[in-house]
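Trainee: just need the structure, nothing else, for what follows:
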Amino acid sequence: MTAPLITCRIRIEQDIVATRQRARQIAAAVGLDITGQTRVATAVSEIARNAYAYAGGGQVDFSIEGSTVPQVLCIRISDHGPGIADLDHVLSGSYKSPTGMGIGVVGTRRLMDRFHIESTPQGTTVTLRKILPRRASVFTAAEKAALVHQLTLERPSGPLAEMQEQNRELLRLLEELQTRGEELQRVNRELEDTNRGVVALYAELDERANHLRRADELKTRFLSNMTHEFRTPVNSILALSSLLSERLGTSRDEKDELFYIRRSAQQLSDLVNDLLDIAKVEAGKIEVRPAPFEVSALFGALRGMLRPLLVNQSLSLIFDEPADLPPIFSDESKISQILRNFISNALKFTEAGEVRVSAALADDDGRAVRFSVADTGIGIPADAVDRVFDEFAQIENPLQRRTKGTGLGLSLSRRLCELLGGSIGVTSTVGVGSTFTATIPTMYQEPGTASTFVLQPGRVPVLVIDDSDDDMLVYERMLATGRFQVVPARSLVAASLALSVMTPAAIILDLRLQGQEAWETIARLKHDPATAHIPLIVGSSIDDPQKGLALGADAYGVKPIQRDWLCETLDILVPAKALRVLVVDDEETSRFILRELLKDRGHEVLEAASGLEGLQRAHELAPDVLLLDLNLGDVDGLEVYDRLRQARDTEHLPVVLISATPPTGPARGALGITQVLSKAGLSRATLQAAIDEALSRT
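Mentor: This is a model prediction of the structure:
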C-alpha cells in the first residue's frame, strides 16, 4: 500500500526552505523523534538544493509505504536536468568540486535508511526512505486525509523563520541531550532494569520448579539419596524455624537461637543445591536452551536483581554499558548464573571501593565475548589462585571467616562456562583486588556439531536465514537438484558468522526470526557495502511486498514459497555462468550426443573433429573445460592429453576423458588418470558431475 501525502514544487530558492519545513512537519506527524525529524529535513533540503542548483528546479513527492508496522516514509525528489555525468564517482565519496557536488549526496545517504538514485540525460530521481518507529500505529486513510488537511492549512514560513527554527532546533536538541534526555533515560533504565530483574527471578523460579518436577527422570542414585536424605530434613528445618518464629513473634533479623538454626540450615541448603547442579553437569543431565539476547538486557536484569545486596554505602556496583557487541546466541540464564556468582563473591569480599562489570569482544573475529567482574577487594594470594575453582576451596582470610560460603560457586561457574563452549579465568593481587573473566562464544554449538559448512564444488551457495526447521527442509528439497546449494542460518548471528567467511550468490531472508520482525535487516544488508551487491529475496508469511521491495529487497515471496517461483527468481537474479566446453571427438554422432546432453545447462559448446584440431582450438579459444575422446583417428587421445599438460597455456585446463574402451596399463598410470567416462553410460547427471569435479581440481 502506498499513501501519497503532498507534492512540493521547487521553482525558486525559497521553495527549498518551504520543502525543508514540509519534510519536518511530515516527519513529526508520522511519529519520528526530534533527531529523526532533523535527519529527514536535512536530507530533503540537501537533495532539493541540488535539484535547484543543477537542474533549475524539480518536484518533491511525500508518501507512506507499507501496510504493516513499521511503515516507511518515502520522499522522491525528481528533476528534468542534464543528470549526473559520473554518478559512480560521486557516490564513492571521492568526488570533489568547487560547488561541493557529491559531498551532500553521500552525506544524505548516511542520514536515511534507504537511498536510491537514478540519473539519465533526461533527469535525476532520488528516492529517500526512513523506517518509522515500531511504536507508531499503521497510517490509515483517515489519518492521511487529516495530515494533508493540516499541511494545507499550515503554510510554510519565510527563510528567516526557518533559520530561527533551525537554531531553536539545535538548542532544543542540545538541552534535551544534556539535561532532560539523560535524566529520563536514567529513570527509564532503572525501571527497565528492575522489571527485567523481576522477570528474570520469576523465570529462574519457574525453571527451578520445572527441574524439580523432572527430578525423577534426571537424577541418578546419588542425586536421589541427596534429595531424600539431606534436602527433606533441611527444608523441614527451614519451614519449622519460620513457623516457630511466627508463633513466638520474633523478628527474622533478631539473633536468637532460631536465627542461628535458620542460618545453618540455609547454608546446608545452598551446599546441597550447588552439589546437585555440579552433579547434573557432570552427568550431562543439564539442558542448554540457546536463544538470541543482547548483553545490555542481561546487564539490566543483573543490575535490578543484585541491587538489594548493596547494603554498604562505601561500595558501588557499576555496570559498564556494552558498546558495539553483537547479539549472543547462547543460554542467557546460565551466563547470568555465572556472572551472579562472580558478582556476589566480589560484593562479599570487597569492603570499600567498587565492583565493575563489563563485556567486550574477545577477538577481532567477533566469535566470543569476554565478561569481566573486577573488584577492589581483599584479593587472592598467588599460591591460591589455581585453587579457587576447586570444589569446597576457601581461602583463609578474616573477611572470609565472616562471610562463609559453600566453596562450590566458582567450581559450578567453571563447569557451566565449559558447557557453553567457553573458558574462565582470574587475575588477582592481594590488597588490590581481583578480576574474574568468562569468555563465551557468541554462537552456541551443540556438542559434536561442526560450526562450519562445506561448499560443494560446482554449486552456487545461497544463504537461507530462517529459524524454522520445516521451512529450511523445504528450501533444501526445492534446490537439491539444481545448481544452488542451501547454506542454512537459523539466526541473524549465524548469518553474520556465515557472511564473515563466505560471499553467497544470493540471500533468502525470513522476516520473523525468534519472534522478532527483521525489516531493519533488509535495509542494513543493502546499506552495508560488503552485502549491498548480493541479491536479497524475502520469503515470509508477512504479506507486505511493497514495503520489502522499497527497503531494497530484490524479490518478495509470501509463504508457502512455490518451487517454480523460487528457482525462476534465483535464475534471474543469479544468472548461470556459461561454460565454454570444447568437445574433441572424431565421431560426429558422439559430438551431437555430448552437445545435446549439455544443452539444458546453457553451456557454449565448441567442437573439434580430430586430435590435432583439438590441440589447436584449445590454444586459440581458451575453453573452460575440454571433453576428450581417447580413441581418436589421427592422434592417440593419451598423447593429446600429455601435450595439453606440457603446454604452458593449457597445463591447468580441466579435462574430462571419455571413451568407449577405457585405457588400462602403464600409460594410464603414468598420466595419473583416475577416471574415464564410458560413452555407454553417459547421462546429463554423470557428465555434469564429471565437469564439476574437473573444475574443482583446478
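
Trainee: tally of neighbours for the residue nearest to residue 483 when sequence neighbours are not counted?
Mentor: In this structure, residue 483 finds its nearest non-sequential neighbour in residue 460, 5.4 Å apart by CB to CB, 6 or more residues apart in numbering. For every residue, glycine as well, the C-beta is placed using N, CA and C. Using other CB atoms under 10 Å, residue 460 has 18 other residues around it.

Trainee: phi, psi of residue 460?
Mentor: phi -100, psi 120 (degrees, to the nearest 10).

Trainee: show me what contacts it?
Mentor: Taking CB atoms under 8 Å, 6 or more residues apart in numbering, we find residue 460 in contact with 483-485, 505, 574.

Trainee: repeat for residue 28
Mentor: For residue 28, the contact set (CB under 8 Å, 6+ apart) comprises residue 37.

Trainee: okay, it: pLDDT?
Mentor: For residue 28, the pLDDT comes out at 87.

Trainee: include neighbour count, pLDDT and distance to residue 658 when you put the contacts of residue 460 into TSV, please.
Mentor: TSV is the format used below for the contacts of residue 460 (neighbours: other CB atoms under 10 Å; pLDDT from 0 to 100; distance: CB to CB, whole Å):
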residue	neighbour count	pLDDT	distance to residue 658
483	20	80	22
484	22	87	27
485	20	88	27
505	18	90	30
574	17	88	30
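
Trainee: I'd like the average pLDDT over the host helix or strand of residue 415.
Mentor: Assigned by DSSP states H and E, residue 415 falls within helix 409-419. Mean pLDDT, helix 409-419: 82.

Trainee: after that helix, next one along is what?
Mentor: Counting by DSSP H and E, the next helix or strand C-terminal to helix 409-419 is strand 423-429.

Trainee: okay, buried residues for that following strand please.
Mentor: Within strand 423-429, the residues scored as buried using 16 or more other CB atoms under 10 Å are 423-424, 426, 428.

Trainee: gap between residue 581 and residue 587?
Mentor: Going from residue 581 to residue 587 by CB to CB, to the nearest Å gives 17 Å.

Trainee: between these two, which one's more packed in?
Mentor: Remark: of residue 581 and residue 587, residue 581 carries more neighbours, 23 against 15, as counted by other CB under 10 Å.

Trainee: would you agree the more buried one falls within a helix?
Mentor: No: Residue 581 is assigned strand when assessed by DSSP: H, G, I helix; E, B strand; the rest coil, not a helix.

Trainee: hmm, it is touching residue 628, no?
Mentor: No: look at residue 581 against residue 628 with CB atoms under 8 Å: they stay out of range, at 11.3 Å.

Trainee: just to revisit the earlier point, report pLDDT for the residue nearest to residue 483.
Mentor: Note on residue 460: pLDDT of 84.

Trainee: for it, give the beta-bridge partners.
Mentor: The partner list for residue 460 in beta bridges (DSSP bridges) reads residue 484.

Trainee: repeat for the one 4 residues further on
Mentor: According to DSSP bridges, residue 488, residue 508 are recorded as the beta-bridge partners of residue 464.

Trainee: from now on call the first residue 206
Mentor: Noted, 206 is the first residue going forward, which turns the last one into residue 669.

Trainee: ok, it - contacts?
Mentor: Taking CB under 8 Å, 6+ apart, we find residue 669 in contact with 677, 680, 691-694, 712-713.

Trainee: look up how far residue 703 lies from it.
Mentor: Distance of residue 669 to residue 703, computed by CB to CB: 10 Å.

Trainee: mind listing the shared neighbours of these two?
Mentor: 692, 694.

Trainee: now do the end-to-end distance for stretch 630-646.
Mentor: With CA to CA, to the nearest Å as the measure, stretch 630-646 spans 15 Å from end to end.

Trainee: what comes up buried for it?
Mentor: Within stretch 630-646, the residues scored as buried using 16+ other CB under 10 Å are 631, 633, 638-646.

Trainee: check stretch 826-843 too.
Mentor: 828-837, 840, 842-843.

Trainee: among the residues you listed, which two are most distant?
Mentor: 829 and 836 (23.9 Å; CB to CB).

Trainee: just to revisit the earlier point, taking the contacts of residue 665 together, which two end up most distant?
Mentor: Longest distance between any two of the contacts of residue 665 is 11.9 Å, between 690 and 779; criterion CB to CB.

Trainee: common neighbours of the two, please.
Mentor: Counting by CB under 8 Å, 6+ apart, the shared contacts of residue 690 and residue 779 are 665, 667.
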